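[1] have a look at this fold, sequence not included:
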């Protein structure tokens, strides 16, 4: 297990070095717009990554993202990038939103006012968190998948118009 965690951390370091070297604009152009696959496949890859990133499978996001993108024949890089939505500053926000979303679906909901969000609180309200996290991940993946599809369609139609003019 220790080796698995080290490999996951190492793969994230390699990705971040690769990303920093290219820059955002060049990275987006080469790896998203000009990558192989249809816009539908790219949008599905982004949606899968968002789903995995917001799901309660902490520690397995990178492994799940790559494995499922290979299984479903999606864009591995896009899936991996979008699964990295859970970087450390956002984790408490994601847990808090998951707790709020899961509250209506659990019989013994907890008041979130004046609570300390520590490990004990999460253990006591694990069902509420898991349900909320799954609902949040499904809804966000659908929204981000649709939005990314629309954006990719608009960007690809613009590039086709530019190619026709030249």
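    Nice, thanks for sending it over. The structure displayed is predicted, hence computed values, not measured ones.

[2] from now on I want contacts and neighbour counts done on CA atoms only, so please keep to that.
    Noted.

[3] low-confidence ranges, the chain, go.
    Within the chain, the stretches with pLDDT under 70 are 1-20, 22-36, 109-112, 114-115, 117, 122, 159-166.

[4] let's see it at 90
    By pLDDT under 90, the low-scoring segments of the chain are 1-39, 56-62, 75-78, 80-82, 84-93, 95-96, 99-100, 103-129, 152, 154-166.

[5] pull the longest helix from it.
    The residue-count maximum for a helix in the chain (DSSP state H) belongs to helix 126-165.

[6] that one - contacts with which helices or strands?
    Judged by 3 or more C-alpha pairs under 8 Å, 6 or more residues apart in numbering; DSSP states H and E, the packing partners of helix 126-165 are helix 39-54, helix 91-102.

[7] just those: most buried one?
    helix 39-54 (a mean of 26; mean count of other C-alpha atoms under 10 Å).

[8] what's it in contact with?
    If you take C-alpha atoms under 8 Å, 6 or more residues apart in numbering as the criterion, helix 39-54 is touched by 32, 61, 64-65, 69, 74-76, 78-86, 94, 133-134, 136-138, 140-142, 144-146, 148-149, 152-153.

[9] what of stretch 134-149?
    Residues contacting stretch 134-149 (C-alpha under 8 Å, 6+ apart): 39-40, 42-44, 46-56, 97-98, 101-102.
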